[in-house]
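Enquirer: Have a look; sequence and predicted model below, questions after that.
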Amino acid sequence: MFTFITVFLITYALFSISGVLFPTDLTYYATLKKPSWNPPAKLFGIVWAILYALISASVAIVYTKTDGFQEAGGSYVLILLVNYVANQAFTFFEFKLKNLRLAFLDSAIVAITTFLLIYATIPYSKLAAWLLVPYLLWSCFATLLAWTIYQLNKNTNRAY
């Protein structure tokens with residue numbers, strides 16, 4: 001149980017770090033044209049906090065079931081790392097670079113690697129795989145939202 005909690009906390013901290021390094025610029029975000037179905041800005045933080053907990057639980061389950069990833073396939077660890085980097089890069093692209101096209105492309109990578117991560121997780125734990133389904137659903141929604149925001153703003157100097 002100690003290992004599970006430790007891995008959970010480390011994973012949660014790692015996934016949360018981009019919010020500290022590249023905080024959401026609500027003033028900038030408010031200036032963007034957004035679709036009518038755009039969720040309130042405050043909802044994003046709540047959703048990501050929950051998703052990071054689910055991701056962390058999934059990773060901790062796989063870690064404990066595979067003897068510290070020793071028995072996990074290299075593909076699982078590689079997909080997890082790519083997903084993590086892409087997840088962290090979004091806030092950099094969106095709020096530091098203010099590049100909506102890169103933010104959209106990055107969102108798509110997060111969604112694709114989340115799907116692959118679910119598939120790679122199944123052999124180790126079906127529960128751990130199911131814990132990632134909300135992440136996939138939100139990542140797909142976020143990709144559609146990022147695409148729409150990019151399209152609405154691409155003719156302005158805020159898209160690139």
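Expert: Arrived safely.
Enquirer: State the number of residues packed around Lys42.
Expert: Counted with other Cβ atoms under 10 Å, residues neighbouring Lys42 total 9. Glycine gets a C-beta too; all of them are placed from N, C-alpha and C.
Enquirer: May I have the predicted confidence score for it?
Expert: Note on Lys42: pLDDT of 84.
Enquirer: same check, this time on Phe69
Expert: 84.
Enquirer: helix or strand right after the longest helix along the chain?
Expert: Longest helix of the chain, by residue count under DSSP state H: helix 41-65. Proceeding N to C from helix 41-65, the next assigned helix or strand is helix 74-91, under DSSP states H and E.
Enquirer: buried residues in that next one?
Expert: Residues of helix 74-91 classed as buried by neighbour count (16 or more other Cβ atoms under 10 Å): Tyr76, Ile79, Leu80, Val82, Asn83, Tyr84, Ala86, Asn87, Gln88, Ala89, Phe90, Thr91.
Enquirer: Kindly reformat these as CSV containing distance to Lys42 and pLDDT.
Expert: Compiled in CSV, these are given as follows (distance: Cβ to Cβ, whole Å; pLDDT from 0 to 100):
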residue, distance to Lys42, pLDDT
Tyr76, 34, 95
Ile79, 31, 97
Leu80, 29, 97
Val82, 29, 98
Asn83, 25, 98
Tyr84, 25, 97
Ala86, 24, 97
Asn87, 20, 96
Gln88, 21, 95
Ala89, 23, 95
Phe90, 18, 95
Thr91, 16, 92
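Enquirer: List the contacts of stretch 27-39.
Expert: By Cβ atoms under 8 Å, 6 or more residues apart in numbering, the surrounding residues in contact with stretch 27-39 are Ala41, Val47, Phe95, Lys98, Leu100, Leu145, Thr148, Ile149, Leu152, Asn153, Thr156, Arg158.
Enquirer: Pick out whichever of those sits closest to Met1.
Expert: Among these, Val47 lies closest to Met1 (Cβ to Cβ), at 27.6 Å.
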